[in-house]
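Peer 1: Next one to model:
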Amino acid sequence: MSDIVVTTPKSEMKNAAEEAQQAIEAGGDTCYFRALASAPKGLVLGVSRIFYVEDGYVRGFGILDVAHNDNYNFCETTGRHWFGRCTLVMRASTWQWVKSIPMKGFQGWRYFDQPFRVIGGWRDPKPNVHT
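Peer 2: Sure thing, here's the model as predicted:
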């Protein structure tokens with residue numbers, strides 16, 4: 001089984017916060033997705049975690065719910081189309097905040113195998129960075 005980490009670009013941080021608020025208002029019955037240029041190996045539905053780097057720190061993760069080969073995705077929050085060879089979908093209600101882990105942002109994805117500590121769930125507000 002593998003976990004991966006992706007980056008939320010600074011230009012998308014406001015949209016990510018809006019998506020999280022919409023998920024809370026919808027009772028968690030929404031999904032986040034990430035379109036990737038290539039498909040990671042070893043991901044297991046319902047088990048693998050997709051961690052997110054935001055503003056220089058790993059902040060949390062969602063559990064992989066669906067993975068499919070697709071080249072077109074539409075985001076209802078931003079009204080934008082996202083393209084990639086692989087799409088990973090996480091239910092918003094699986095989101096867990098972790099004690100922040102320093103990591104520089106990057107493009108694409110990487111495998112992630114670092115210790116972490118969960119400090120909150122999907123209904124909790126975004127925690128402050130802990131160093």
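
Peer 1: Next, Arg34: phi, psi?
Peer 2: Dihedral angles of Arg34 (phi, psi; degrees, to the nearest 10) stand at phi -140, psi 130.

Peer 1: Please tell me how far the closest residue to it other than its chain neighbours sits from Ala17.
Peer 2: Counting by Cβ to Cβ, 6 or more residues apart in numbering, Arg34 lies nearest to Leu88, which is 5.0 Å off, once chain neighbours are set aside. For every residue, glycine as well, the C-beta is placed using N, CA and C. Counting by Cβ to Cβ, to the nearest Å, the gap from Leu88 to Ala17 is 20 Å.

Peer 1: higher neighbour count, the two?
Peer 2: Comparing Leu88 with Ala17 by other Cβ atoms under 10 Å, the one with more neighbours is Leu88, at 25 against 13.

Peer 1: hey, what's that one bridged with?
Peer 2: In this entry, Leu88 is beta-bridged to Arg34, Ala67, by DSSP bridges.

Peer 1: Kindly report the same for the one 10 residues further on.
Peer 2: Val98 has these beta-bridge partners by DSSP bridges: Val118.

Peer 1: so what's it up against?
Peer 2: Neighbour list for Val98: Phe51, Val58, Arg59, Gly60, Phe61, Phe116, Arg117, Val118, Ile119 [criterion: Cβ atoms under 8 Å, 6 or more residues apart in numbering].
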